[in-house]
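Peer 1: Generate coordinates for the sequence data below:
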Amino acid sequence: MNAGARVGVCVPMGWTASGVAAGIKPDGRPDLCLVATDRPAAAAGVFTRNLVRAAPVVISSRHLDAARGFRGVIVSSGNANAATGTQGVDTAQAMCSAAAECLDCTGNEILIAQTGLIGIQLDRDVAVAGVRWAAESLGPERGQEAAQAMLTTDTVHKIAVETFDQSGVQVTVGGMAKGAAMLAPSMATMLAVVTTDAAVETAVLKRVLRSAMQESFHSVLVDGCTSTNDTVFLLANGAAETEMIDSESHPSYPGLARAVEGVCTSLARQMACDAEGATKLLEVRVTGAASDSDARLAARSVAGSVLVKCSIAGADAYWGRVLADTGASGANFDPRDCTIRYGGIVVSRGGIAAEHDVEAVAEHMRGREIVIGIDLGAGAGAATVWGSDLTHAYVDENMGTS
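Peer 2: I've put the predicted structure just below:
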């Protein structure tokens, strides 16, 4: 990637970003980023389903209810600002107010997301100073710096871009995300910011985001844990100067929906690939289910199975574990109609072993990406869930808070 290139959230027109080492992380790594638009943007957000909601979730939810146009998004890492009471909420609001002063808008026009350790008060002076520094450092070429500043235990930054045509104009959607553990199908322990230069009504933007979530961030399952801070923002600033997409019947709605889902799906796969301690990406594809919901039940059961994860880590195509977890998932099917594939190779049919090329399967299991296909033989429902293997490194990473 060339230095100075526009990447991630900065590819759509009118968007800038920055990433700084504010001092939230004790090791001096980048820990705070700001994404800003040169004009007010419509915004939509999806948040954690955990009843314990972090301060930034509380503040951003309020701001989405109170404002119609937004000028920026703050993301900080190293401290979740969760389980910090009113002091934590006041700190998150102070960070938004500082950004608003720099961007010449109101505090309600700033959104915020945070990630890191739970139950530790965030130093307000450090955080506010970091926001001001980030605002002074904004640039269209700093999308990668922003993507790196939001990371915690991730090993690589995660960015994605998609485009679509609207009346001869190329419209862009760009995104960045973080997430490596506590990834569960009720979203994931993750933060994501997705930007576009399309002009979109807020109500339509909400529908686009919620639709994209199902096949992307809701389809990631690493360890079954759900965070207090999960947040996804989608913002549209209209800088491409195309016609407003004001309904699902608008001719450009399908293009926008596909582009947003494409960005979200790419980011979701990147998170599963970078899961804590992971050596393999696991993709579970369920077809032939009685319904899509049944397919999701089966896919999540297999992707979340500790036994399946361990067999993937050991490069062992132990299809019996897959069959057992599918049967326990709650999906309605007859095992006699079930077919299981590893890398497209049938290893079980009708609930029993099937003759197959053992070496071909073994070769697939030695790869970085493992695909398990399950056909339930019960209908037309389908779903895909991404997960990872389970290794000793995951335990090592999560044995303590330091």
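Peer 1: per-residue confidence averaged over the strand ranked longest in the chain?
Peer 2: Longest strand of the chain, by residue count under DSSP state E: strand 32-47. In this model, strand 32-47 has an average pLDDT of 97.
Peer 1: ok, now stretch 72-84?
Peer 2: The model assigns stretch 72-84 a mean pLDDT of 97.
Peer 1: next one: stretch 354-371
Peer 2: Computed over stretch 354-371, the average pLDDT equals 95.
Peer 1: i'd like the first residue to be 45 from this point on
Peer 2: From this message on, residue numbering opens at 45, which makes the last subject stretch 398-415.
Peer 1: Please identify the buried residues of that stretch?
Peer 2: 400, 405, 408-409, 414-415 (16 or more other C-beta atoms under 10 Å). All C-beta spots, glycine's among them, are computed from the backbone N, C-alpha and C.
Peer 1: Can I get the longest strand of the chain in PDB? Just the C-alpha atoms.
Peer 2: Output in PDB follows, covering the C-alpha atoms of strand 76-91 (Å, rounded to 0.1, in the frame of the first residue of the first chain):
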ATOM      1  CA  LEU A  76      -7.300   6.900  19.300                       C
ATOM      2  CA  CYS A  77      -8.700   7.800  15.900                       C
ATOM      3  CA  LEU A  78     -11.100  10.300  14.500                       C
ATOM      4  CA  VAL A  79     -13.100  10.000  11.300                       C
ATOM      5  CA  ALA A  80     -14.600  13.300  10.000                       C
ATOM      6  CA  THR A  81     -16.600  14.600   7.100                       C
ATOM      7  CA  ASP A  82     -16.500  18.000   5.500                       C
ATOM      8  CA  ARG A  83     -20.300  18.200   5.600                       C
ATOM      9  CA  PRO A  84     -23.100  16.800   7.800                       C
ATOM     10  CA  ALA A  85     -23.700  13.100   7.200                       C
ATOM     11  CA  ALA A  86     -26.700  10.900   7.900                       C
ATOM     12  CA  ALA A  87     -25.900   8.100  10.300                       C
ATOM     13  CA  ALA A  88     -27.200   4.800  11.500                       C
ATOM     14  CA  GLY A  89     -25.800   2.600  14.300                       C
ATOM     15  CA  VAL A  90     -26.200  -0.900  15.600                       C
ATOM     16  CA  PHE A  91     -25.100  -1.700  19.200                       C
END
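Peer 1: Mind listing what's buried along whichever helix or strand comes after it?
Peer 2: Scanning forward in sequence from strand 76-91 by DSSP states H and E, the next helix or strand is helix 99-110. Taking 16+ other C-beta under 10 Å as the neighbour-count basis, helix 99-110 is seen to contain the buried residues 99-104, 107-108.
Peer 1: In a markdown table: the residues you listed, plus distance to Ile289.
Peer 2: Compiled in a markdown table, the buried residues of helix 99-110 are given as follows (distance: C-beta to C-beta, whole Å):
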| residue | distance to Ile289 |
| --- | --- |
| Ala99 | 33 |
| Pro100 | 28 |
| Val101 | 27 |
| Val102 | 30 |
| Ile103 | 28 |
| Ser104 | 23 |
| His107 | 23 |
| Leu108 | 19 |
